[in-house]
Structure formats: C-alpha cells, structure tokens
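**Q** return a 3D structure for these sequence lines:
(one chain, ligands or ions: 1)
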Amino acid sequence: MRLRIEKITARVVDHPVRQDGAIVSSLGRHTASHYLVVTVQNAEGESGYGEATTAPIWSGESGETAKWMIDRFLSPLVVGATFDHPSDAVVIMDRHLHGNSFGKSAIDVALWDLWARQQRQSVSTIIADREPVRSIPTRVSIGCYPPEETTRLAEEFWNAGVRTLKFKTGVPGIDDVARLRAVRERLGSEPVFTIDANGAYTTVDEAVRAIEALEPFDLSLVEQPTRRDRLDALAAVHRRTSVPIMADEAIFTPDELEMAIELDAFDVLSIYPGKNGGFTHSLAMAKRAQAAGKRCAIGSNLETDLGQAPHVCLAASLSAFPVEEIACDLMGSLFYAESAVTPPIKLAEGRVALPTGPGFGVTPRV
Ligand SMILES: [Mg+2]
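**A** Got it, this is the predicted structure:
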C-alpha cells in the first residue's frame, strides 16, 4: 500500500520527569524531557505519530533544533511525496541532511505508524520474524548516587518486579565498588547487574581496571566503557575482558556498525530508532548485527510511551533480540508519572507489554 503525505506537524512538549532518583550518569543529570511530537497525515486525514527524544548531550539536537530541521529541511522532502514503502523516505532524508538522527527518526517512525494504520495492522505483525512476544523484561537505570541512595533505588525497582538493574558508573567522586557491594548485600545474588559508563573511562587501561574492580559483583554486561568516538578503544577493552561488552554511543549508524563488526568491538548492540536515525535503520541494523553473530537489546534516551512503542515492537518481533536473556531499557513508566499516550503501555512485574493496536498501537494524549 502506497503512502502519500499531505502534512507534517512538529510540536515541542515538556514531559514532567521524576526528580527523586533522576538518572545521573557521566553525561549529566536527566531532569527534563523536552521532546518533539511529530504527526504525519495522509489525504484521508489519518495520522501517524513519532517522538524525537532529544537531548543535546546525546545527539546534538534539542526539541527546538529538531523542530527547525523538520520544518525547514525534512518536511519539504516528505510532504507531497508518494512512497511505496515507509523506508523510502529515510533514504531521501539521509541524502539531504547529515546527522539529526532523532528528528529524522520521529518522521520515519510516524510514517511506519501511518502505513501500518492504513492497512489496519500492527507494525509488529508486518516486520516479525518470529511470533511476537507479548511482554519484555525491562532493565532500569540507577543513577550514579552514593551507596545508600543507590541501594534505596535498587530496592524500589526490585520490589516493583524489575530483575535487571543497570548501574550508571564512572562519575568522579562516587565509589562504584561500594555501591554495587551495598546492593548485592541488600538484595542478594538474584538481581542481574549491568553497568553503563556512558564513555566515562578515558583510556583502555582505566576501563579495564574499572571493570575488573566491579566483576566480583557479577556483571552480566558492560555498556559503553570507552569514549563514543573511539571504537578502537572499545575493541581493545573487548579483547581484554571476559564480561560481554555492549556498544551504545559508539554505534549510531549502519556504517559505525560495520566498522564495529570489522573490529570485533562488542558482543551486544544497543539499538533504537532515535539513535539510529529511524525505525528503518534499526530494523536493518538488528538484522545485520544478528548475521554477524551479535545480539541486540533496546537502549533508551528516556522515551515516553510514545517513543517507547516502536522499541517494544522491535524487541518483541525480531529474533535478534533474545529478550529473556538480555533485558531492554523499557523504563519510561518508572520515570514519568503520566503516560503520554492512549492506551498507556503497561509495565507490570518488571515486564512491558507489546501494544497490539494498528501501527505502533499508541496515540499521543495531547
Ligand atoms: Mg547506554
């Protein structure tokens, strides 16, 4: 079914995010979610929706710059055009604008949403290479707080049913060994521990030392220990440690993925449309990583349920995501008091349910 776009609108929306237990990482403190809601419309007045989960430190985009790029550069490429498939648009956007992955993704996701809605189908039905799983275990981020606060948060999430805890690490002045020890002492051996340094360690030696210091607390994954632009350093850490390495900031694009595969820089790929510049790219990258023998998990920039819906769709539908072994960062409900969509995405017993409606199955509330 063809897709003809009549109109694109982009609105900046502030989503109140919890301040107590806000995610603190080596990139800073996430206390505001100043995002963009993108709506695409066809001639029949049907709509598709996407979210640009913008954070300047992450992709160099803010809600306002993403809106400006969409209004000024991207909308004119898409409005009035007819596409055989939603993935056709991202090729054109990439040809005309470098970077700006979250802005492009909001349009690409909205096109997939509308295309599937036109067919009265869910996107997961269309892309699935396995029977889509109905729910996915979530992994939740615990900010880089001192041991007492870290333990309080770990206990809160554990009691809410979350079984995989991701500790942000590498913030100067915070003793990561003491934090992880305190949580193991309080919660025992059952919780799955992962760490995410967000590129905090400057050298390979520093990264390896930090990992070795935390290994006694049973790490199942080490995420992005080294600087984002140093794939060679990530590969060196990968060679020197036995804990599986997850690449996050280091791999935004399909080309970066190719380079990382060549260098054998990682075991698990953190993947999601905003980072990858579109659902189309995430889909292709998940398949490429799988073909290279890698596994995938959903990452996050603290999406609302609107941004999270395509994440759940990918993880549920593709065999590249071994969701029972590697939990996904589907933690929005734990940080936003209110859902941004209807129907809200359900999080219960630490598992996020796959929305089942047409498209990605959710519609923005405002
Ligand atoms: Mg990360």
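**Q** tally of neighbours for residue 177?
**A** The local packing of residue 177 (other C-beta atoms under 10 Å) involves 14 other residues. Yep, even glycine has a C-beta here, placed from its N, CA and C like the rest.
**Q** ok, it touching residue 215?
**A** No: taking contacts as C-beta atoms under 8 Å, residue 177 lies outside contact range of residue 215: 10.4 Å.
**Q** the residue of the stretch 51-200 of the chain found nearest the ion and residue 169, how far apart?
**A** Closest contact between the stretch 51-200 of the chain and the ion, by C-beta to the ion, is at residue 196 (4.5 Å). When distance is defined by C-beta to C-beta, to the nearest Å, residue 196 is 7 Å away from residue 169.
**Q** how many residues are close by residue 56?
**A** Residues near residue 56, counting by other C-beta under 10 Å, number 12.
**Q** residues near the residue of the stretch 151-300 of the chain at minimum distance from the ion, how many?
**A** Nearest residue of the stretch 151-300 of the chain to the ion: residue 248, at 3.7 Å (C-beta to the ion). Here the number of neighbours of residue 248 (other C-beta under 10 Å) works out to 25.
**Q** so it sits against residue 299, correct?
**A** Yes: with contacts counted by C-beta under 8 Å, residue 248 reaches residue 299, the gap being 5.4 Å.
**Q** pull up the overlap in contacts between those two.
**A** residue 270 (C-beta atoms under 8 Å, 6 or more residues apart in numbering).
**Q** correct me, but residue 179 touches residue 165?
**A** No: using C-beta under 8 Å, residue 179 is not in contact with residue 165; the gap is 10.8 Å.
**Q** where exactly do the helices run in the stretch 101-250 of the chain?
**A** For the stretch 101-250 of the chain, applying DSSP state H, counting those that start in this stretch gives helices covering 101-118, 123-127, 147-159, 176-187, 204-214, 231-240.
**Q** the fifth one packs against which elements?
**A** What it means is helix 204-214. helix 176-187, helix 231-240 (3 or more C-beta pairs under 8 Å, 6 or more residues apart in numbering; DSSP states H and E).
**Q** among those, which is nearest residue 129?
**A** Evaluated with C-beta to C-beta, the helices and strands packed on helix 204-214 place helix 231-240 nearest to residue 129, the distance being 27.2 Å.
**Q** what is the orientation angle of that closest one with helix 204-214?
**A** Helix 231-240 runs at 40 degrees relative to helix 204-214, counting by axes from the mean of the first three to the mean of the last three C-alpha atoms, to 10 degrees.
**Q** buried sites along helix 231-240?
**A** Neighbour-count burial for helix 231-240 flags 231, 233-238 (criterion: 16 or more other C-beta atoms under 10 Å).
**Q** same check on stretch 78-87?
**A** Neighbour-count burial for stretch 78-87 [16+ other C-beta under 10 Å]: 78, 83, 86-87.
**Q** try stretch 169-178
**A** Using 16+ other C-beta under 10 Å as the test for burial, stretch 169-178 gives 169-171, 174, 176.
**Q** and that stretch, how far from the chain's centre?
**A** 24 Å (C-alpha atoms, centre = their mean, to the nearest Å).
**Q** now do the same contact list for residue 360.
**A** So residue 360 contacts 49, 109, 112-113, 116, 122-123, 309-310, 313 (C-beta under 8 Å, 6+ apart).
**Q** please repeat the previous calculation with a cut-off of 6 Å.
**A** For residue 360, the contact set (C-beta atoms under 6 Å, 6 or more residues apart in numbering) comprises 113, 123, 309-310, 313.
**Q** out of those residues, which is most surrounded?
**A** In terms of neighbours by other C-beta under 10 Å, the contacts of residue 360 top out with residue 310 at 33 neighbours.
**Q** what's the angle from the strand or helix carrying that residue to helix 101-118?
**A** Secondary structure from DSSP states H and E places residue 310 in helix 305-317. Here the directions of helix 305-317 and helix 101-118 differ by 70 degrees (the same axes, to 10 degrees).
**Q** mean confidence for helix 305-317?
**A** Per-residue pLDDT values over helix 305-317 give a mean of 98.
**Q** distance between it and the chain's centre?
**A** The answer for helix 305-317 is 9 Å, by C-alpha atoms, centre = their mean.
**Q** ok so, going back, most tightly surrounded among the helices of the stretch 101-250 of the chain?
**A** helix 101-118 (a mean of 28; mean count of other C-beta atoms under 10 Å).
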